[in-house]
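Peer 1: Starting from these lines, generate the structure:
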Amino acid sequence: MTSAKEWNCEELETQCETLQMIFQTLPLGIMVADAEGHLCYCNPAAEDIVGLGVSDINLAGHAKVYGWFLPDQTTVLPNEQLPLVRVLRGETLLDELIFVRNLRHPDGIWIRADGWPLRGASGMISHGVVMIHDFTEGREARQMLWLLSQAAEQTTDSILLTDRQGIIEYVNPAFEMTTGYHREEVLGKTPRILKSGVQDADFYRRLWAGLCQGLPFSGTVVNRKKSGDFYWTQQSITPLRDEAGNLTHFVSVLQDVTERRKKEEQEFHLRLAREVQQRFYGTVPTLPTFDIGASAKPADETGGDYFDFIEMADGSLMIAVGDVEGHGFGSALIMALTRAYLRSFAALQLELHEILEQMNSALLKDLSQGQFVTLALARLHPLRGTLAFASAGHLPGFVLRESGTLTDELTSTGLPLGLFPENHCLLAPALQLGPGDIMVLMTDGAAESAGSDGEEFGAPRVLDYIRTHRHQPAQQIADGLYVAARAYAKDLPQSDDITSVVIKVGAMRSDLHNIPSSV
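Peer 2: Have a look, this model is predicted:
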């Protein structure tokens, strides 16, 4: 008959064998060291993870032999930080990260270690146990998750995560900055808080129906901020599925494209305005015995400078050069308005100063306070060779003889247009032109082009250029004046529109001078 003592020994042996089988088949590595620091047990999983089995190696050389390193992957784990050494000191370890690189794992693996001391009946530590597992894939996944979370937190695009019912579970800082909503204000709500009303209900029904079918969405949507302001977003919504293929969440990425859209619209309007403005300039007319050239170079896509040629019923030619206060799109619109008024009043066959007075009255109603237009009008009678002139606050024009001598300055005869209700303009006495004479009308862009030292190109340099190049064709002089002013400014950006009209008088028939003024 088996005694109780024998039975207990058999039971204990069976339990030990069972535990041995469990430890041998566990996917987790088990390592045991005695109180003297000798490794006395290592299961197959531990041998596979660390690359070596049980040996007589003392723990003092354990790290180098097994290739255990700190997380920097280069510094050998100090002896006092070895998991078995620490548990033999009485420490309990939880989720310690260690890098292992040895002959078994030349590229290295990451392990997680948990450990605890074993105490005998006396309370003294008899053994230390360390349990390890390969954490390489888990660490890479966790690191990728961390990187993704950092990307979501630091990106400038708004990110919004909802559950399948559309309840917001997460928004990133960019969402808060763009919309003005704090995270706590939107969690638990739906994206309807951003609804602007620009898209109708049918748009959202179709959007939601597609998402519920697992179809992604991409498009431009107008949303509303907490402040009530609208903003344009390039938005993508992606359905997320679990491992079983079930829809669980929707992630939205919203890029604020409001400024880009405004810029695109502005550029479109500027291109359109420039095309219209270029058509306004038209073709330089051809007159017998007269050589006419004109040049207009805006500082922006469009400009506020204006030149025009209008053929009158009596055979004369009206020349206009104007300058709208400022430059850019707004000035271009005023320039177009000025041109329309000029051509309307010129059709009434009024005198130059009368046209300016009528335009002043009209522009007063259209211009904002502080806006104004300067305009110089000249009327060339080709048969008589005379030039009539009137100016509303415009920069002086010049008349030079063939020798280059300045004979007349075409100064202003009235105030700028659009500033004062009472603006009485005068008509300057008519000038008799002779062969070789040059008339120049221009805006202030060339003269006010400044160099790096702040000094302007100035009227004297303008006149010097015309004198030096007076034998060239009129168009070449007009174009060259712009080039000279820009060369003077060197690399500085063009600050104002530069416009000029040049008229050269050729050889005239002597009998034309005797034509009556009524012709």
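
Peer 1: Do I have it right that residue 311 meets residue 319?
Peer 2: No. Residue 311 is beyond contact range of residue 319, at 10.9 Å (criterion: CB atoms under 8 Å). Bear in mind the C-beta positions are built from the backbone N, C-alpha and C, glycine included.

Peer 1: So for these two, which residue has more residues nearby?
Peer 2: Applying other CB atoms under 10 Å to residue 311 and residue 319 shows that residue 319 carries more neighbours, namely 24 against 12.

Peer 1: average pLDDT across the helix or strand harbouring the more buried one?
Peer 2: Using DSSP states H and E, residue 319 sits in strand 317-324. Mean per-residue pLDDT for strand 317-324: 92.

Peer 1: for it, packing partners?
Peer 2: strand 305-311, helix 329-346, strand 373-381, strand 438-442, strand 498-505 (3 or more CB pairs under 8 Å, 6 or more residues apart in numbering; DSSP states H and E).

Peer 1: Residue 422 is nearest to which of those?
Peer 2: Minimum separation from residue 422 across the helices and strands packed on strand 317-324 (CB to CB) falls at strand 373-381, 16.6 Å.

Peer 1: what angle sits between that closest one and strand 305-311?
Peer 2: 30 degrees (axes from the mean of the first three to the mean of the last three CA atoms, to 10 degrees).

Peer 1: how far away is residue 387 from residue 260?
Peer 2: 51 Å (CB to CB, to the nearest Å).

Peer 1: These two - which one has more neighbours?
Peer 2: Counted by other CB under 10 Å, residue 387 and residue 260 do not tie: residue 387 has more neighbours, with 24 against 12.

Peer 1: mind listing what residue 129 touches?
Peer 2: 30, 31, 32, 87, 115, 116, 117, 118 (CB atoms under 8 Å, 6 or more residues apart in numbering).

Peer 1: Ok, residue 309 next?
Peer 2: Applying CB under 8 Å, 6+ apart, the residues contacting residue 309 are 282, 284, 285, 292, 294, 317, 318, 319, 320.

Peer 1: and if we set it to 7 Å?
Peer 2: Neighbouring residues of residue 309 by CB atoms under 7 Å, 6 or more residues apart in numbering: 284, 285, 317, 319.

Peer 1: for residue 353, same thing?
Peer 2: Contacts of residue 353 by CB under 7 Å, 6+ apart are 390, 413, 425, 426, 427.

Peer 1: and residue 46, what element?
Peer 2: helix 44-50.

Peer 1: Which elements pack onto that helix?
Peer 2: strand 29-34, strand 125-134 (3 or more CB pairs under 7 Å, 6 or more residues apart in numbering; DSSP states H and E).

Peer 1: Let's see that with 6 Å instead.
Peer 2: If contacts are counted by 3 or more CB pairs under 6 Å, 6 or more residues apart in numbering; DSSP states H and E, helix 44-50 sits against strand 29-34.

Peer 1: Three-state assignment for residue 461, please.
Peer 2: helix (DSSP: H, G, I helix; E, B strand; the rest coil).

Peer 1: residues near the residue nearest to residue 439 when sequence neighbours are not counted, how many?
Peer 2: Excluding its sequence neighbours, the residue lying closest to residue 439 (CB to CB, 6 or more residues apart in numbering) is residue 503, at 4.5 Å. When neighbours are defined as other CB under 10 Å, residue 503 has 25 of them.

Peer 1: likewise residue 250?
Peer 2: Neighbour number of residue 250 under other CB under 10 Å is 22.

Peer 1: same thing with residue 201?
Peer 2: With other CB under 10 Å as criterion, residue 201 counts 9.

Peer 1: do residue 245 as well
Peer 2: Neighbours of residue 245 (other CB under 10 Å): 7.

Peer 1: what's the answer for residue 299, then?
Peer 2: Neighbour tally, residue 299, other CB under 10 Å: 18.

Peer 1: picking that back up, nearest to residue 337 among the contacts of residue 353?
Peer 2: Among the contacts of residue 353, and counting by CB to CB, the member closest to residue 337 is residue 425, at 18.9 Å.

Peer 1: Break the chain into its domains for me.
Peer 2: 4-140, 155-256, 282-514 (automatic domain parsing).

Peer 1: Could you list every helix and strand in contact with the host helix or strand of residue 178?
Peer 2: Residue 178 belongs to helix 173-179 when assigned by DSSP H and E. Helices and strands touching helix 173-179, by 3+ CB pairs under 6 Å, 6+ apart, are strand 158-163.

Peer 1: buried ones in the strand it packs on?
Peer 2: Neighbour counts using 16 or more other CB atoms under 10 Å place 158, 159, 160, 161, 162 of strand 158-163 among the buried residues.

Peer 1: Just put these in a markdown table and tack on distance to residue 354.
Peer 2: Supplementary listing: the buried residues of strand 158-163 in a markdown table, determined by distance: CB to CB, whole Å:
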| residue | distance to residue 354 |
| --- | --- |
| 158 | 61 |
| 159 | 67 |
| 160 | 66 |
| 161 | 72 |
| 162 | 71 |
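
Peer 1: just the residues you listed now: which is nearest residue 228?
Peer 2: residue 158 (17.6 Å).

Peer 1: quick revisit: and the strand holding residue 319 with helix 329-346, angle?
Peer 2: Using the same axes, to 10 degrees: strand 317-324 against helix 329-346 is 150 degrees.

Peer 1: Strand 317-324 versus strand 498-505: what angle between them?
Peer 2: 160 degrees.

Peer 1: Just checking: what are the partner strands of strand 317-324?
Peer 2: strand 305-311 (antiparallel), strand 373-381 (antiparallel) (DSSP bridges).

Peer 1: Mind putting these into CSV with distance to residue 189?
Peer 2: Output for those, formatted as CSV (distance: least, CB to CB, whole Å):
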stretch, distance to residue 189
strand 305-311, 55
strand 373-381, 54
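
Peer 1: so which of those strands is the most packed in?
Peer 2: strand 373-381 (a mean of 25; mean count of other CB atoms under 10 Å).

Peer 1: who's in contact with that one?
Peer 2: Contact partners of strand 373-381, identified using CB atoms under 6 Å, 6 or more residues apart in numbering, comprise 316-324, 338, 352, 387-394, 416-418, 441.

Peer 1: buried subset of these?
Peer 2: 316-324, 338, 352, 387-394, 416-418, 441.

Peer 1: mind listing the helices in the stretch 401-519 of the chain by residue range?
Peer 2: Applying DSSP state H, counting those that start in this stretch to the stretch 401-519 of the chain gives helices spanning 458-468, 474-489.

Peer 1: That'll do, ta.
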